[in-house]
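Engineer: Starting from these lines, generate the structure:
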Amino acid sequence: MRVLGIDPGLTRCGIAVVDVHSGRRVSLVHAGVVRTSKEADLGARLQQLELGILEVVTGFEPTAIAVEQVFSQHNVRTVIGTAQAAGIASLVAARQGIPMAFHTPSEVKAAVTGSGRADKQQVALMVGRIVGKPVTGPADLTDAVALAICHGWRFPAQQRLERALAIGGEKARASR
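Structural biologist: Residues are numbered from 1 along each chain as shown. Here you go, the predicted structure:
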């Protein structure tokens, strides 16, 4: 499974592509950051994010996209920019027909470190261990890799659960 992880942000948007193999092995395929200028018009910034994400999607052809779920922060302007960037990621996924899921920061931390309360440094250390090499750069970059790993490890189990629930629902309807 090839997963594109996106840590949304209006100024810095972390983007990473990983291949998740059997046995929870992970290969880092691409990692980068799309940056936009605070001085630029909002529409231009959102378009720049869209083009940056689309370039990675067309270049690396992920089979799934994982985006960090926006959560309440102290700065409302930051929340709004993060939500707008997440919306652009959702739009690209929908237009390209790629399944997309949102993951909370604590879910991602728990997946890669074993603790939903891990700090950025612990996440970065574990991401490096998982992919077999240090992932250097801003936290947005490391978070994007962690998101992709989280989705790749959790998605197969989620699919099995959804299939089981669907089968159970069909059997319940059939027995009525």
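Engineer: Show me what the biggest helix by length in the chain is packed up against.
Structural biologist: Determined from DSSP state H, the single longest helix within the chain is helix 139-175. Packing partners of helix 139-175 (3 or more CB pairs under 8 Å, 6 or more residues apart in numbering; DSSP states H and E): strand 2-7, strand 12-20, strand 26-35, strand 64-68, strand 100-103, helix 105-113, helix 120-131. (C-beta placed from N, C-alpha, C; glycine too.)
Engineer: now for those, which one comes closest to Ser175?
Structural biologist: Closest to Ser175 of those, according to CB to CB: strand 100-103, at 31.7 Å.
Engineer: Can you spell out which helices and strands pack onto the closest one?
Structural biologist: strand 64-68, helix 76-96, helix 139-175.
Engineer: most tightly surrounded among those?
Structural biologist: strand 64-68 (a mean of 26; mean count of other CB atoms under 10 Å).
Engineer: got any ranges where this structure has weak pLDDT?
Structural biologist: Counting by pLDDT under 70, the ranges of the chain that qualify are 72-73, 156-163, 176.
Engineer: what helix or strand is Gly59 on?
Structural biologist: Using DSSP states H and E, Gly59 sits in helix 42-60.
Engineer: need the contact list for Thr136.
Structural biologist: Listed by CB atoms under 8 Å, 6 or more residues apart in numbering, Thr136 has no contact partners.
Engineer: Quick check: it is in a strand.
Structural biologist: No - read with DSSP: H, G, I helix; E, B strand; the rest coil, Thr136 is coil and lies in no strand.
Engineer: before we move on, the earlier item: can you say which of the helices and strands packed on strand 100-103 is nearest to Met1?
Structural biologist: helix 139-175 (5.4 Å).
Engineer: Understood, closing this out.
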